[in-house]
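Novice: Provided below are the primary sequence and the corresponding predicted coordinates.
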Protein chains: 2
Amino acid sequence: MANPISGFSKFTKSEKIDWIITNYFLGDFRVRDRLSQYWSTDKELQRLHDEFIENTITNFYLPLGVAPNFKINDKLYAIPMAIEESSVVAAASKSAKYWLERGGFKATVLSTKKDGQVHFLYKGDRSKLKRFFKSAKEELINDCAPITRNMVKRGGGIIQLELIDKTSELDDYYQLHATFDTRDAMGANFINSCLEQFAKSLINRIDNHKDFTDTEKDIQIIMSILSNYVPECLVRAEVSCPVEELTGFDVVNGMDFAKKFIQAIQIAEVEPYRAVTHNKGIMNGIDAVVLATGNDFRAVEAGIHAYAARNGQYSSLSHATVEDGIFRFWMEVPMALGTIGGLTRLHPLVRFALELLGNPSADKLMEIVAVTGLAQNFAAISSLITIGIQQGHMKMHLMNILNEFKATDYEKNYMVEHFKTQTVTHGAVADALDKIRR
Amino acid sequence: MANPISGFSKFTKSEKIDWIITNYFLGDFRVRDRLSQYWSTDKELQRLHDEFIENTITNFYLPLGVAPNFKINDKLYAIPMAIEESSVVAAASKSAKYWLERGGFKATVLSTKKDGQVHFLYKGDRSKLKRFFKSAKEELINDCAPITRNMVKRGGGIIQLELIDKTSELDDYYQLHATFDTRDAMGANFINSCLEQFAKSLINRIDNHKDFTDTEKDIQIIMSILSNYVPECLVRAEVSCPVEELTGFDVVNGMDFAKKFIQAIQIAEVEPYRAVTHNKGIMNGIDAVVLATGNDFRAVEAGIHAYAARNGQYSSLSHATVEDGIFRFWMEVPMALGTIGGLTRLHPLVRFALELLGNPSADKLMEIVAVTGLAQNFAAISSLITIGIQQGHMKMHLMNILNEFKATDYEKNYMVEHFKTQTVTHGAVADALDKIRR
């Protein structure tokens, strides 16, 4: 039975592992080898990785793959993707090649504004608060000058500051809603520092203001925090080509393919059960690049899915039409990315990934990430409406099961042939292996 | 300038890297060392990891940390977390310890149903289709017997099959909506195989049915695919304690803390900009365990965020109350997880993570994952409403900048002291370092 522990974070890595083995592995010290086989032999490199988070015991290997042939705004990219799911890099590559031969992808950043809020309670005359804000707004912004100095030099800073009355939704609830441009930084630290300064300034300036009563001066700051909902930090990715060129996915007639493709998208537009999986496929592409470039995929996921639900029903992020003989497939997605700060200069493989992409600005990275998502979606829908998703998946599934049973190369080849005409299930593979191993 | 490439996936790993270097690194072959320093020296182990996805060139290190002291349903866990973001493991550990002293976490799986759909177009008499489905339903299910045999043995299988008329939303659009129990498997392959069988059977059986005209027999299957929206695969996690015990987070009065905590949650309930970030924090905890246990975080993310938007406005996943002197904090979240199949037996660190958790069933893993999300949310809100998020973040931010400048231990200690009273910005740290280095 495991015991509670005090001061675990103060243990050395070795002590932490010992404690884990004693408490959760019945003292089986072979577990140490299972963890240390993943350590880098370069101690300094390992120390760097150990320090990224707390209580690190080893490095979780996530495969880093590359999808070449992405033509984006007439430039050719090989895109780094960190992901554990099979077929994703293959699908991205297939899609990239397909569109390479049809003019490539176009992408445009539509806007780059990010938001943050000071949430506070104020019990008093609301018109007084509004008058105060109007007169104090510039001072509140100026109070942030020491924080914004460098960002302003780089062309960013605070774009807007508003007082929002939310008392109809929650008693006494108001916000300072601020809008920022953080240039090539994701900007979380910058935004949060500005917001905490706004909160301090708000309290001080109201406290020193003669118009407010003591009750009114008793403002309660609930919290000051950036938002990961970034509907105005938006990028558009698209492909288009004459309908008759839309062949190659086991389809001979481009118009038949286009019609079915559009129907598949319309289904994702009207049916949330389908929309979730449809968008999940887009995120397979997006997250893999977000991870490889040292960005925060939880932030991107949350912002994009909330955007998919912005009209009251969760719906498809991508859309498609045929007009005047031209097939067009596109999506607009919000995301806050950085190419400086955070992990981007610290993790050697993140540096590699950014160099491989030509050291893009945050705007360029938004375009690349969105295109990868769109490419993924194109490949997924194309499979689904033609051969079905299982043919490809089942081969990977078969290989996974065979690896689990430590099948030899001979056995693998035999089984791939065998299961061309049989349904792959764990039991069926076990049975078939058992037969040839007798 | 980079060139397009054919047959890239057929290249060996070494050839792929050479091609990348030639096309994207001006032939700088030192890049090879930057990638190969991350390879395992154990060739067989490296081959295993290379085969998880396509076009693999190296292993992306994601730190694997451990958060101890999680008491869940009276059992003590040390939870493995794979994540690149600093503070997440520290916050989870702090929260675990706090609740360990207050009775621990309770978690319950509320239901474990998963869904999938065959989306098809049928141009004809709808009552005829409904009559057909009623009479053929059992046969459609029986046609899947070879696929479901093993799952049924394990206690799972097809729970329900329905015909849904969606023609009011899209012309001629119907669904076969199936519900599954996949036991300890995530079940994607199982569900998709059943659905593709349903689609085949539907077409064959209608084709051989005398009641249907030729037009009606011309059913078009658009796609057959599981849904990652799993509102009936639901787990609840919660904590509770007497209000007066709710002290310790820089707060002396438990009721003051509880009130402010509840207000912070109410804000996330009514304000989508806050809800997105609030839930993002929950996902920091959830995804870290999902990744470490070899599950698919894109699937979990998509399902949970769509659930957060199910009532028409994106809102908080967690809730809190004080009733009869008891503080209660809880959430219900949907997620489809597996502890068998996929990566769970293949990735040696996933095996380690599952063993550390006591080789849980899928249900138990749902409980552990949900609790980690709730713990994360508790720590985040507690920081936000007391000292603010920046104090902790800024220290990590400072360390990241110092590492970027390769600061010595002496310089690090000096800077930590220095920035206790100064705002951390990249420029300010650079200036301060510059001063002491002169």
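Specialist: Ah, there it is.
Novice: Report the secondary structure state of A:F60.
Specialist: strand (DSSP: H, G, I helix; E, B strand; the rest coil).
Novice: Please give me every residue in contact with it.
Specialist: A:Y38, B:Y61, B:L62, B:P63, B:L64, B:A82, B:L291, B:A292, B:L349 (C-beta atoms under 8 Å, 6 or more residues apart in numbering or on different chains). Heads up, the C-betas are built off the backbone N, CA and C, glycines and all.
Novice: count of residues packed around the nearest residue to A:Q46 once chain neighbours are set aside?
Specialist: Using C-beta to C-beta, 6 or more residues apart in numbering or on different chains and skipping residues adjacent in sequence, the residue nearest A:Q46 is A:S40, 4.3 Å away. Per other C-beta atoms under 10 Å in any protein chain shown, the neighbour tally for A:S40 reads 19.
Novice: What of A:K94?
Specialist: 21.
Novice: hmm, the lengthiest helix in chain A touching chain B?
Specialist: Ranked by residue count under DSSP state H, the longest helix found in chain A is helix A:362-385. Yes - counting by C-beta under 8 Å from any C-beta of the partner chain, contacts between helix A:362-385 and chain B involve A:I381, A:L384, A:I385.
Novice: So A:I158 is in contact with A:H177, correct?
Specialist: No - the pair A:I158 and A:H177 does not pass the contact test of C-beta atoms under 8 Å, sitting 11.6 Å apart.
Novice: Get me the contact residues on the stretch 101-250 of chain A for chain B.
Specialist: So the stretch 101-250 of chain A meets chain B at A:115, A:117, A:119, A:121, A:146-147, A:149-150, A:166, A:169-170, A:173, A:175, A:177, A:188-190, A:192-193, A:196, A:220, A:222-229 (C-beta under 8 Å from any C-beta).
Novice: Could you tell me which of the residues of helix A:362-385 next to chain B count as buried?
Specialist: Buried members of the residues of helix A:362-385 next to chain B, scored by 16 or more other C-beta atoms under 10 Å in any protein chain shown, are A:I381, A:L384, A:I385.
Novice: pLDDT at A:Q160, what is it?
Specialist: Listed pLDDT for A:Q160 reads 97.
Novice: So the nearest residue to A:S318 once chain neighbours are set aside, which state does it fall into?
Specialist: Among residues not flanking A:S318 along the chain, A:M331 sits closest, at 4.0 Å (C-beta to C-beta, 6+ apart). Assigned by three-state DSSP, the conformation of A:M331 is strand.
Novice: Also A:I158?
Specialist: Going by three-state DSSP: A:I158 is strand.
Novice: Now do the same contact list for it.
Specialist: A:I141, A:C144, A:T148, A:A178, A:T179, A:F180, A:C194.
Novice: make it 6 Å
Specialist: A:I141, A:F180 (C-beta atoms under 6 Å, 6 or more residues apart in numbering or on different chains).
Novice: Tell me what it is bridged to.
Specialist: Beta-bridge partners of A:I158, counted by DSSP bridges, are A:F180.
Novice: where along the stretch 101-250 of chain A do the helices fall?
Specialist: Using DSSP state H, counting those that start in this stretch, the helices of the stretch 101-250 of chain A run over A:126-142, A:145-153, A:188-207, A:214-217.
Novice: Return the most buried member of those helices.
Specialist: Of all the helices of the stretch 101-250 of chain A, helix A:188-207 carries the top mean neighbour count, a mean of 21, counting by mean count of other C-beta atoms under 10 Å in any protein chain shown.
Novice: Just the ones in helices from the contacts of A:F60, please.
Specialist: Checking the contacts of A:F60 against DSSP H, those in helices are B:L291, B:A292, B:L349.
Novice: Which helix or which strand is home to A:I20?
Specialist: helix A:13-24 (DSSP states H and E).
Novice: Show me what that helix is in contact with.
Specialist: In contact with helix A:13-24 (C-beta under 6 Å, 6+ apart) are residues A:A2, A:F29, A:V31, A:R32, A:I57, B:L356.
Novice: can you do 8 Å?
Specialist: Contacts for helix A:13-24 (C-beta under 8 Å, 6+ apart): A:2-3, A:5, A:8, A:11, A:27-29, A:31-32, A:35, A:50, A:55-57, B:66, B:68, B:78, B:355-356, B:358.
Novice: tilt between the longest helix of chain A and helix B:188-207?
Specialist: 40 degrees (axes from the mean of the first three to the mean of the last three C-alpha atoms, to 10 degrees).
Novice: Might you calculate how far helix A:362-385 sits from the centre of the chain?
Specialist: Centre-to-centre, helix A:362-385 and its host chain are 13 Å apart (C-alpha atoms, centre = their mean, to the nearest Å).
Novice: same question, stretch A:125-132
Specialist: That offset, for stretch A:125-132, works out to 40 Å (C-alpha atoms, centre = their mean).
Novice: Give me the residues contacting it.
Specialist: Contacts for stretch A:125-132 (C-beta under 8 Å, 6+ apart): A:Y122, A:L163, A:D165, A:T167, A:Y174, A:R205, A:I206, A:H209, A:D211, A:F212, A:E216.
Novice: same check, this time on stretch A:355-366
Specialist: A:66, A:75, A:77-80, A:107, A:109, A:112, A:183-186, A:233, A:235, A:293, A:335, A:337-339, A:354, A:368, B:20, B:24-25.
Novice: burial measure for A:Y410, as a count.
Specialist: 9.
Novice: and which of the ones in helices among the contacts of A:F60 is nearest chain A?
Specialist: B:L349 (5.5 Å; C-beta to the nearest C-beta).
Novice: Select only the buried ones of the contacts of helix A:13-24 in PyMOL?
Specialist: Buried subset of the contacts of helix A:13-24, written as a PyMOL selection, criterion 16+ other C-beta under 10 Å:
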select buried, (chain A and resi 2+5+8+31+32+35+50+55+56+57) or (chain B and resi 66+68+78+355+356)
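Novice: if we can go back for a sec, save the residues of helix A:362-385 next to chain B as CSV, and put in pLDDT and distance to A:E404 too.
Specialist: CSV is the format used below for these (pLDDT from 0 to 100; distance: C-beta to C-beta, whole Å):
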residue, pLDDT, distance to A:E404
A:I381, 96, 31
A:L384, 93, 27
A:I385, 93, 32
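Novice: what residue ranges in the stretch 1-150 of chain A score low on pLDDT?
Specialist: Along the stretch 1-150 of chain A, segments meeting pLDDT under 70 span A:1.
Novice: Which stretches in it count as strands?
Specialist: With DSSP state E, counting those that start in this stretch as the criterion, the stretch 1-150 of chain A has strands at A:56-72, A:75-82, A:106-112, A:114-121.
Novice: Direction included, what does the shortest one pair against?
Specialist: As defined by DSSP bridges, the strand partners of strand A:106-112 come to strand A:233-242 (antiparallel).
Novice: any residues touching the partner strand, and which ones?
Specialist: Looking at what lies outside strand A:233-242 - C-beta under 8 Å, 6+ apart - the contacts are A:99, A:102-114, A:254, A:325-336, A:366-367, A:369-371, A:373-374, A:378.
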